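> Pasted the sequence and its predicted model underneath.
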Amino acid sequence: VIRIWSTVDWHMVKEFECHGRPAAAAWSLNGSQLAVGAISDDNSLLVCLWDPHTGQLLGEPIKDTTRRFYNMAFSADGRTLAAASRDDRAVRLWDVETGAQIGMPLTSPTDWIRGIAFSPDDSKLVTGGDDESVRVWDVKTGQQLFSPIMHADCVRSVAFSPDGKVVYSAGHDQCIRAFDSDTGSPVGRPLK
């Protein structure tokens, strides 16, 4: 079951039945779509797009028979959905309208990806994970823009600043780090 709650008074706004066991979810920036990655009864993955106001499924689910996801993110324009795979340590991009995969997966070499976010202009994607690294990718080419930024423990959350110039990461090393999204140069000192 998927439940949507009001953050004003914490009452349940909507409840609707998912196709499988929900594992990850993401809102589109304008709030018109809710993406849910669910594990079906045969252990395959279904990525479903929902209208959160009506609880109606928007189109056919995106099916992936071999992967499960820890985290998902919409691009700012709502046209692309990124999902970080638990199984093969990769990020896949899908065209929201057609359900077609875009390009090759972005692969992290050593461990699970726990955090994922698009830049405000959708040109970059940042990932962070259990390999203690933060990586910034060029969305069009699928290439990393610079060497990974390292934490001393696994990274759980990543985000861009509103202007897209700075990336923030938070990890189990109890540090929040900030760095330039074009060069990887540190911005200030880590916040402990």
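Arrived safely, thanks for sending.
> How far does stretch 77-96 sit from its chain's centre?
Relative to its chain's centre, stretch 77-96 lies at 7 Å (Cα atoms, centre = their mean, to the nearest Å).
> wait, stretch 143-152
Between the centre of stretch 143-152 and the centre of its host chain there is 17 Å, according to Cα atoms, centre = their mean.
> Dump that stretch to CSV, keeping only the CA atoms.
C-alpha atoms of stretch 143-152 as CSV (Å, rounded to 0.1, in the frame of the first residue of the first chain):
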residue,chain,number,x,y,z
GLN,A,143,30.9,10.1,-17.9
GLN,A,144,32.1,11.2,-14.4
LEU,A,145,33.1,14.8,-14.4
PHE,A,146,36.0,14.3,-11.9
SER,A,147,37.5,11.8,-9.5
PRO,A,148,35.2,10.6,-6.7
ILE,A,149,35.0,12.7,-3.5
MET,A,150,35.6,10.4,-0.5
HIS,A,151,34.0,10.2,2.9
ALA,A,152,35.4,8.1,5.7
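> pLDDT on it, on average?
The average pLDDT within stretch 143-152 is 91.
> buried sites along it?
By neighbour count on 16 or more other Cβ atoms under 10 Å, the buried set for stretch 143-152 is Leu145, Pro148, Ile149, His151. (Each C-beta comes from the backbone N, C-alpha and C, glycine too.)
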